[in-house]
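[1] Give me a model of this one.
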Amino acid sequence: MTNDTTIHTTAGLLQDRVVLVTGASRGIGEAAARLFAHEGARVVLAARQTAALDAVVADIRRDGGTADAVRLDLADATSIVDAVAAVDRLHGRLDGAFNNGAAIQAPGPLDETSDEDIDLQFAVNFRGHWRAMVAEAALMRRTGGGAVVNTSSIGSRRANPALPAYGAMKRALNSITETAAVTWAPQGIRVNGLTPGGTATRMIDEWEAATPGIRAQIDASIPLGRMAEPEEVAQAACWLLSDRASAVTGAIVPVDGGAGA
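    Sure, this is the predicted structure:
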């Protein structure tokens, strides 16, 4: 009988991958950045509010992870290009991108939605993601491919009377996610989307303030009886970015507690 004192460790799902996370200053994006770092990724956090990013970066580094912050405004084409270029300078590659940044519209019916709200939804939730994917894919091609995950919404899968512009642009995001998956598959780039349902983030708090009772309404609409935590959505993104999802591309994956079933 031998005395084996070898310690066996399991590498994380994203071990040594360079992963960009947009909208990383709070909510699902923040949870994803922390999770990806825990799973071994070298994460680059991006958002408009760099002070909030710096706090998350400090926490990740304190726990032994690798993290950096860059400013990114999805409504600004130059900002998107600059953020991806910063990833290149930091690591010389990009293996994964979680495009999670978003803008919410003021709740209200279709015929009361302002042109300003429509323009903002188009600029951030559709065109910004399009530009980000194009820039990310260009960097991924240099090292043989990668994986992209876009955060859409359950509101993209059906009528959305309370947030009509938001739902419309998220549905458009689903379309370009699927198109990118087919277009870039020969180049080794997988592209998938998530459609979270109600998720316990600050966005829900803001919606509750504008429309009292919406939180209870959302909870009641979910078969599991509760909203998802940001970390639960992040876990789905982590799997899609990892090699465990190596044959998955062009999928729009619900993370909604059964609300869309």
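[2] And the strands in the protein?
    18-22, 42-47, 66-71, 96-99, 146-151, 189-196, 252-255 (DSSP state E).
[3] nearest to residue 157, of these?
    With CB to CB as the measure, strand 189-196 is the member of those nearest residue 157 (5.9 Å). (C-beta placed from N, C-alpha, C; glycine too.)
[4] Please go through this structure and pick out the longest helix.
    Ranked by residue count and defined by DSSP state H, the top helix of the chain is helix 164-184.
[5] Pull out the buried positions in that one.
    Using 16 or more other CB atoms under 10 Å as the burial criterion, the residues of helix 164-184 that qualify are 164-174, 176-178, 180-181, 184.
[6] For the residue most central in space within the chain, give me the pLDDT.
    For the chain, residue 100 is the residue whose C-alpha lies nearest the centre (CA atoms, centre = their mean; 2.8 Å). Per-residue pLDDT puts residue 100 at 94.
[7] residues in contact with it?
    By CB atoms under 8 Å, 6 or more residues apart in numbering, the residues touching residue 100 are 21-24, 28-29, 32, 151, 237.
[8] do residue 75 as well
    Contacts for residue 75 (CB under 8 Å, 6+ apart) come out as 103, 120, 123-124, 128.
[9] closest to residue 213 among those residues?
    Nearest to residue 213 among the contacts of residue 75, counting by CB to CB, is residue 103 at 23.4 Å.
[10] Any buried residues in the lowest-mean-pLDDT helix or strand in the chain, and which?
    The weakest-scoring helix or strand in the chain, judged by mean pLDDT, DSSP states H and E, is helix 202-210 (a mean of 80). Across helix 202-210, burial judged by 16+ other CB under 10 Å covers 204, 207.
[11] gap between that helix and the chain center?
    Centroid displacement of helix 202-210 relative to its chain, using CA atoms, centre = their mean, to the nearest Å, is 19 Å.
[12] quick one on the thing from earlier: by neighbours, which of the contacts of residue 100 wins?
    Comparing these by number of neighbours (other CB atoms under 10 Å), residue 21 comes first, having 35 neighbours.
[13] Just list the residues touching that one, thanks.
    29, 32-33, 36, 43-46, 97-98, 100.
[14] swap the cut-off to 6 Å and go again
    When contacts are counted by CB atoms under 6 Å, 6 or more residues apart in numbering, residue 21 is found next to 29, 32-33, 45, 98.
[15] One more: residue 79?
    So residue 79 contacts 72-73 (CB under 6 Å, 6+ apart).
[16] Please repeat the previous calculation with a cut-off of 8 Å.
    Residue 79 touches 71-73, counting by CB under 8 Å, 6+ apart.
[17] Can you tell me which of the residues you listed is closest to residue 259?
    Of all the contacts of residue 79, residue 72 has the smallest distance to residue 259: 29.9 Å, by CB to CB.
[18] For the nearest residue to the closest one once chain neighbours are set aside, name its beta-bridge partners.
    With sequence-adjacent residues excluded and distances taken as CB to CB, 6 or more residues apart in numbering, residue 72 is closest to residue 46, at 3.7 Å. Beta-bridge partners recorded for residue 46 (DSSP bridges): residue 22, residue 70.
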